[in-house]
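Enquirer: Build me a model from this:
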Amino acid sequence: MDSALGSPSLNQKNTNSSSSQCSSMSDGESYECLGEGSPAPSPVVKGESPGNLLKRNTWSRSSLRRTPTNNSSGGDVALGRRWGSLRQPVLAEETEQKVEQSDDLDSSGKRINANGASVPSGLCRSASFNSSGRSSNCGDPDDMYCSDASLEEDVMGLNRKVHMLQQQVSALADTQNTSDDRYGRVRHENALLQARLMILEEQVREEQARSEQRLQEEQRRHKDLASRLEREKQLELENSAIRLQAAERRVETLDEEVKRLRAQLERAAESRQVAEDASHEAEIRAQTLREQLLETQEAAAKTRIALEQQLADTAQSLEEARLEAAETAQGRPVSPGRHPELEEEARYLREEVRTLKEALEEAQAQLLGRGLEQGRNLLGEPQGGPSLADELDEMSSDKVRLALRETQEVNMQLRAYIDGMLLSIVENYPQLLEVKTAAGSLK
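Expert: Numbering: from 1, shown residues only. Predicted coordinates:
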C-alpha cells in the first residue's frame, strides 16, 4: 500500500514548499503567472458536453467585452485591480487546494507532486509577469482590452486545467477509495488469516504434542510388545528344545521297540512254524483218537447189544422161574428132585445177574477211563498241540449238544433197564433171596 500511494512525508513536504512559495508571492506576481506557462490542451469534463463549454467561454468573452472602453485610467486600474485582487487569488487558492487534495489522494505520489509543484509555480510566474506588464501598460485602453482577452484565455486555460485536475482528483479519489476498500479488505483478510494462522499454529502445536505423546505411547507399547515377543520366543525355543529332546528320546525308544518287535516277529515266525508242525502232528493224533473213539463206541454198542441179549435171556429165565413159582404157590407140590434144580437155577441166575452188573460196571469204567485218557491226552498235548477246548471250538455247538444228548440217553436207557430188571426180580422172585439163606442153613 505504501508503494501504491507514495511516501506521505515526501508528498507533505512538496505540498508545504509549494504553499510557502505561493503565499510569499505578492498579488501582482500571482496575477503575472496567468500569462505564462504553456497552455494545456482543453480536456473534456466528464458529464459536460463541448457545447456547454463553448457557451460558457462565449459568455465569459461577452462579459469582458461589455466593459466600457472610455473609462478613465482610474477605472481601468480599478477593473484591473478587481480582476487581479478578487478572481485571481480565489483561483489560486482553489488551485492550491486541488493540488493539495491531489497530493493527498494520488496513487503515484511523486508524479502528482511534481505536476502539482509545477502548476502553482507556473501560475505564479505567469501572474507576476502579467501584473508587471499590466502595471507598465495600464494607461492604454487597447492594451487593457488585449490584456483582458489574454486574461480570459488564461482563465479558460485555468478552467480547463482545473477541470482536468478535478477529473484526475476524482479518478484518484475513486482509486484511493478502491485502494482503501481493498486495503481494508486485505487488512481484514490479513487479520483473519493471522487469527487463523495463530489458531492453526496452536492446533499444530497441540497436534505435535499429541503426536509426540502418541509416539511415546506407541514406542512404549512397541517396546513392551517386543519384550513380550522376545520372552515368548525364548519360551517357545525352550519348549521346542524340550520337545525335540523328547522326540529324540522317543525315536530312540521306537528304534529299540522296532528292534524288539523284529526279534519277536522272527521268534513268532519260528513259533508259528513249530506250531504249524505241531498242529499237523496234533491233527494226525486227533484223527487217530477219533478213530479209536469210533472203535470204542462200536465196541460199547456191541457190548450193549450183548448185554441186552443176555438181559433178555435172563428175563425169560426169570419169567419161567416166576411161572414155576406161581405153580408152586397154587399148591402143586414140588418134587424133591426138582428142588435142587431150582436152587441151582437160582444160583445161576444170581451169578448171571452179578456177572452182568460187573460187565456193565466194567464197561462204564472202561468208557470212563478211555474218556479220561483222551481228556488227558487232549489237555496235556505236548508242544502246543490242539487242546480239548480247541476241538470243541472246531465243533459246532449243535454237534456238541447232540453228542452229549446221545450219551445221556444211552446211559439213562442202560440205567433204566438195569433198574427194571432188579425191581422185577425183587417183586416177582423174592424167594431167590431166601434160597441163599436156606441153602446156608442146610449146609
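Enquirer: host element of residue 413?
Expert: Secondary structure from DSSP states H and E places residue 413 in helix 397-428.
Enquirer: Show me what that helix is packed up against.
Expert: helix 141-329, helix 338-379 (3 or more C-beta pairs under 8 Å, 6 or more residues apart in numbering; DSSP states H and E). All C-beta spots, glycine's among them, are computed from the backbone N, C-alpha and C.
Enquirer: hey, least reliable of the ones you listed by pLDDT?
Expert: Lowest mean pLDDT within the helices and strands packed on helix 397-428: helix 338-379, a mean of 69.
Enquirer: if I look at residue 347, how far off is residue 313?
Expert: 16 Å (C-beta to C-beta, to the nearest Å).
Enquirer: okay, these two: which has more neighbours?
Expert: residue 347 (14 against 11; other C-beta atoms under 10 Å).
Enquirer: Could you report the distance from that one to residue 186?
Expert: 171 Å.
Enquirer: Domain boundaries for this structure, per the record?
Expert: 2-200, 333-442 (automatic domain parsing).
Enquirer: Next, the contact list for residue 199, please.
Expert: Shown in contact with residue 199 (C-beta atoms under 8 Å, 6 or more residues apart in numbering): no residues.
Enquirer: Can you lay out the helices and strands packed on helix 397-428 as CSV showing distance to residue 406?
Expert: Converted to CSV, those look like this (distance: least, C-beta to C-beta, whole Å):
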stretch, distance to residue 406
helix 141-329, 10
helix 338-379, 13
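Enquirer: so which of these comes closest to residue 423?
Expert: Smallest distance to residue 423 across the helices and strands packed on helix 397-428 (C-beta to C-beta): 11.5 Å, for helix 141-329.
Enquirer: count of residues packed around residue 357?
Expert: What residue 357 shows, counting by other C-beta under 10 Å, is a neighbour count of 13.
Enquirer: Isn't it up against residue 418?
Expert: Yes: with contact defined as C-beta atoms under 8 Å, residue 357 reaches residue 418; the gap is 7.4 Å.
Enquirer: Could you pull up the mean pLDDT of stretch 402-411?
Expert: pLDDT averaged over stretch 402-411 gives 76.
Enquirer: Contacts made by it with the rest, please.
Expert: residue 304.
Enquirer: Restricting to C-alpha, output that stretch in CSV.
Expert: Output of stretch 402-411 as CSV, limited to C-alpha atoms (Å, rounded to 0.1, in the frame of the first residue of the first chain):
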residue,chain,number,x,y,z
LEU,A,402,-26.2,-133.6,20.0
ALA,A,403,-23.3,-135.8,21.1
LEU,A,404,-23.9,-135.0,24.8
ARG,A,405,-27.6,-135.7,24.5
GLU,A,406,-26.9,-139.1,22.8
THR,A,407,-24.5,-140.1,25.5
GLN,A,408,-27.0,-139.1,28.3
GLU,A,409,-29.8,-141.0,26.6
VAL,A,410,-27.7,-144.2,26.3
ASN,A,411,-26.7,-144.0,29.9
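Enquirer: when you give positions from now on, start the count at 610
Expert: OK, 610 is where the count begins now, so the last one is stretch 1011-1020.
Enquirer: The helix holding residue 1022 vs helix 750-938, what angle?
Expert: Between helix 1006-1037 and helix 750-938, the angle comes out at 20 degrees (axes from the mean of the first three to the mean of the last three C-alpha atoms, to 10 degrees).
Enquirer: quick one: contacts for residue 969?
Expert: Residue 969 neighbours (C-beta under 8 Å, 6+ apart): 916, 1023, 1027.
Enquirer: Quick check: closest non-adjacent residue to the last one.
Expert: Taking C-beta to C-beta, 6 or more residues apart in numbering, and ignoring the residues beside it in sequence, residue 1027 has residue 969 as its nearest neighbour in space, at 6.6 Å.
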